[in-house]
Structures are given as C-alpha cells and as structure tokens.
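# Structure, please.
(one chain, ligands or ions: 2)
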Amino acid sequence: MEVGFLGVGIMGKAMSINLLKNGFKVTVWNRTLSKCDEVVAHGASVGATPAEVVKKCKITIAILSDPDAALSVVFDKDGVLEQICNGKGYIDMSTVDSQTSCKISEAITSKGGHFLEAPVSGSKQPAETGQLIILAAGDKALYEEAVPAFNVLGKKSFFLGQTGNGAKMKLVVNMILGSVMNAFSEGLVLAERSGLNPHDLLDVLDLGGIANPMFRGKGPAMLRDDHSPAFPLKHQQKDMRLALALGDENGVSMPVAAAANEAFKKARSMGLGDLDFSAVLETVKLHKQSS
Ligand SMILES: NC(=O)C1=CN([C@@H]2O[C@H](COP(=O)(O)OP(=O)(O)OC[C@H]3O[C@@H](n4cnc5c(N)ncnc54)[C@H](OP(=O)(O)O)[C@@H]3O)[C@@H](O)[C@H]2O)C=CC1
Ligand SMILES: O=CC(=O)O
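Ligands and ions are numbered 1, 2, ... in the order given. So this is what the prediction gives:
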C-alpha cells in the first residue's frame, strides 16, 4: 500500500519510518525539505509539494504542529485541495480543535475526497514502537481502509463517530495530561525544598494508586533537569489553549487547566517552548523564598 505522509517532525518522522519498516511504500513531504533525508534513508520517496504527494497516493496522512499548519497544507498554493478528488483519502493526525477539523473535512469532501481526523495519544517513543492510541472520527469507510496502517502505528484505534469527536477526545486527554504534569512538577519541587529526597517520592508514587507511566518515564530525567523534547512544550500549551476554548463552548469551569495553561505560557515566555513539556518544572523552581 502506498501512503503519502505530510510532516516529518518528531511524530511524523517516527511514524513514517515505522510504516516503511512494516512494508508500506511512503512518499513524504515536509515544509523544511531537508528533514525528509532520514526518512528517505529508510526508503521513502519525496514529493515536492503536498499536492504532488496527494496526486501520487490514494491515502495521504498528515501530522503537523497546530491548526494554522494543518489549514495551510490543505488550503495554500500547492496544497492538498489542488489534487484531492473522488477515490482519494486524507487523514489528519495533528492535534487541532474540532472547528479546524470540520473546515478541512468540508473542503476535502466538497472535492469528492474522503476525510478522517485521527489525532494520536502517545509520544515520541510510542510513535517509534507503534504503540500510539488512535482517536479517529469522520469517514468510516476511510477508517476501515486505513486500519492496516493504524495497526502498524498504534496499539489501539478508536472510531469515535462524526468529524470533531477525535479532536475533542484528544484535547480532553491532553488537558488532563498538562494539568497532571503541573501537579507533578510542584510535587517534585515541594519534596526537594521540604528536605525530602525526590527520588524517594518517585518510588512512593510508583507503588500507589496514582502510579503512572509519565511519572515513571519522565521523573528521573526531570530530576536531572533533562527536558529533551519528546512532546514539545509549545504544543502542550496549544492543546491547553484549545481545550480551554472547548470548555468555554460547553460551559465547563476548568480552573485547574487554566492555571496549568498559565504555567505553560510562562514557560514559553522563558524560551522553553521547544523543550519537552516537562520543562514547566522550571517555572515552579523560579519561586524561592527569601528570608
Ligand atoms: N510529540 C508528541 O509527543 C506528540 C505530538 N502530537 C501532536 O502531533 C503534532 C506534531 O507534533 P510533533 O511531531 O511533536 O511536532 P514537531 O514540532 O516536531 O513537528 C511539527 C511539524 O509541523 C510542520 N509545520 C509547522 N508549521 C507548518 C506550516 N505552517 N506549514 C507546514 N508545515 C508546518 C513542521 O515542519 P518544519 O519541519 O518545516 O518546521 C513539522 O513537520 C502536533 O499537533 C502535536 O500536538 C500528538 C501526540 C504526541
Ligand atoms: O500529545 C501528547 C501525548 O503524549 O499524547
């Protein structure tokens, strides 16, 4: 099966290489073309524009940073819309809001194409090992057609109904993720400043009812001030912003998420946006009591 792939950032690179390793033919495009080199070394072909990729492939997948990027590759010159047509499918796996997804869906379907949104839960390592959780919604027939690819990319795929539901589910999950990361960061600093060994805190957490892979996976690196990016903080802040907008639309009060969003905004203003979202820890460390 030949698949087009738009966007080879942290996630797209891992996912497209994974498809290649599992026997798919892949044609990639990235705004910064040189970033395609590593995927090409694994056997991919390169398309010069999104339109060229869509022209060549029956199904094209995209995973791009945010709503602006997702819209740009579809609507701009040489974009997806120029070549999408009856019989072709477009799957956007970026984390965006439901309005963005619906706008893309309408444009694709008005040209006779098929659209599926399929944001993913899971980070760089799950992308590398095919352990993502796929949150699909939209065209059910395209979903069925994409299942062989989803089975390579993920450990479980959900079909959540109409376009927009995948985006909403992803934002709810990441709103919780970002809030938990803030509470975890405060806990690590509180343990250390109050004279405890924070490594003991990690051991205690790991044995209890709130044990989770994020504390286990990121905790030791955070204690070393290692925030090498797996999930860039700027994307987590974008997700908090979009989740808060979803809260506004639905009349849901989210003071915890709002506070977490402020912390991520603070971290971005400190120049930490390209680091892992665990770098929000640095905002907690800023405050020191003076005697
Ligand atoms: N990293 C993670 O752990 C996870 C990320 N996600 C989501 O997946 C998406 C991608 O994340 P990730 O791979 O980490 O992000 P990266 O920042 O590593 O990659 C972003 C990609 O988007 C492209 N891009 C950005 N702006 C534009 C634009 N205006 N036009 C065209 N292309 C553009 C970049 O191209 P260029 O190289 O030229 O900059 C790059 O290919 C995001 O929506 C993120 O929230 C979801 C789950 C986990
Ligand atoms: O969106 C990030 C993730 O880890 O999932």
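# Can you tell me the element residue 39 falls in?
If you go by DSSP states H and E, residue 39 is part of helix 37-41.
# And the next helix or strand past that helix?
strand 45-46.
# Return the distance of the residue of the stretch 1-150 of the chain found nearest ligand 2 relative to ligand 1.
Ligand 2 sits closest to residue 123 of the stretch 1-150 of the chain, with a gap of 3.8 Å, by CB to the nearest ligand atom. Where C-beta positions appear, they are placed from N, C-alpha and C, glycine not excepted. As for residue 123, its distance to ligand 1 is 3 Å (criterion: CB to the nearest ligand atom, to the nearest Å).
# so that residue sits right up against residue 230, yeah?
Yes. Counting by CB atoms under 8 Å, residue 230 is a contact partner of residue 123 at 4.6 Å.
# and these two? which has more neighbours close in?
More neighbours surround residue 123 than the other of residue 123 and residue 230, with 22 against 19 (other CB atoms under 10 Å).
# for that one, what are its contacts?
230-231 (CB atoms under 8 Å, 6 or more residues apart in numbering).
# Tell me how many other residues surround the nearest residue in space to residue 264 that is not next to it in sequence.
Excluding the flanking residues, the one nearest residue 264 by CB to CB, 6 or more residues apart in numbering is residue 237, at 3.7 Å. Neighbours of residue 237 under the rule other CB under 10 Å: 23.
# Next, see if stretch 166-182 gets close to ligand 2.
Yes. Where contact is defined by CB under 6 Å from any ligand atom, part of stretch 166-182 touches ligand 2, namely residue 174.
# pLDDT on that stretch, on average?
Across stretch 166-182, the average pLDDT comes to 98.
# Name the residues that touch it?
So stretch 166-182 is contacted by 95-98, 100-101, 117-121, 135-138, 158, 160, 212, 214, 236-237, 239-240, 242-244, 246-247, 254, 256-257, 259-261, 263-264, 277-278, 280 (CB under 8 Å, 6+ apart).
# One more pass at 7 Å, please.
95-98, 101, 117-119, 121, 135-137, 160, 214, 236, 239-240, 242-243, 246, 256-257, 260, 263-264, 277-278, 280 (CB atoms under 7 Å, 6 or more residues apart in numbering).
# show me where pLDDT drops low in the stretch 151-291 of the chain?
Within the stretch 151-291 of the chain, the stretches with pLDDT under 70 are 290-291.
# Run through the residues of it sitting next to ligand 2.
Residues of the stretch 151-291 of the chain lying close to ligand 2 by CB under 6 Å from any ligand atom are 174, 231.
# How about the residues of the stretch 151-291 of the chain by ligand 1?
230-232, 235.
# try 8 Å
Contact residues, the stretch 151-291 of the chain versus ligand 1 (CB under 8 Å from any ligand atom): 170, 174, 229-232, 234-236, 238-239, 274.
# Weed out the non-buried ones from those.
Among those, those classed as buried by 16 or more other CB atoms under 10 Å are 170, 174, 229-232, 234-236, 238-239.
# Now, these that are in helices?
170, 174, 234-236, 238-239 (DSSP state H).
# ok, so of the residues you listed, who is nearest ligand 1?
Among these, and counting by CB to the nearest ligand atom, the member closest to ligand 1 is residue 235, at 3.6 Å.
# Could you look up the SS state of the nearest residue to residue 211 once chain neighbours are set aside?
Among residues not flanking residue 211 along the chain, residue 205 sits closest, at 6.1 Å (CB to CB, 6+ apart). Under DSSP: H, G, I helix; E, B strand; the rest coil, residue 205 falls in the helix class.
# my guess is residue 205 meets residue 212, correct?
No. Look at residue 205 against residue 212 with CB atoms under 7 Å: they stay out of range, at 8.2 Å.
# Look at the two and report which has more neighbours.
Shown here are residue 205 and residue 212; by other CB under 10 Å, residue 205 has more neighbours (18 against 11).
# Now do the more buried one against ligand 2, distance only.
Residue 205 sits at a distance of 19 Å from ligand 2 (criterion: CB to the nearest ligand atom).
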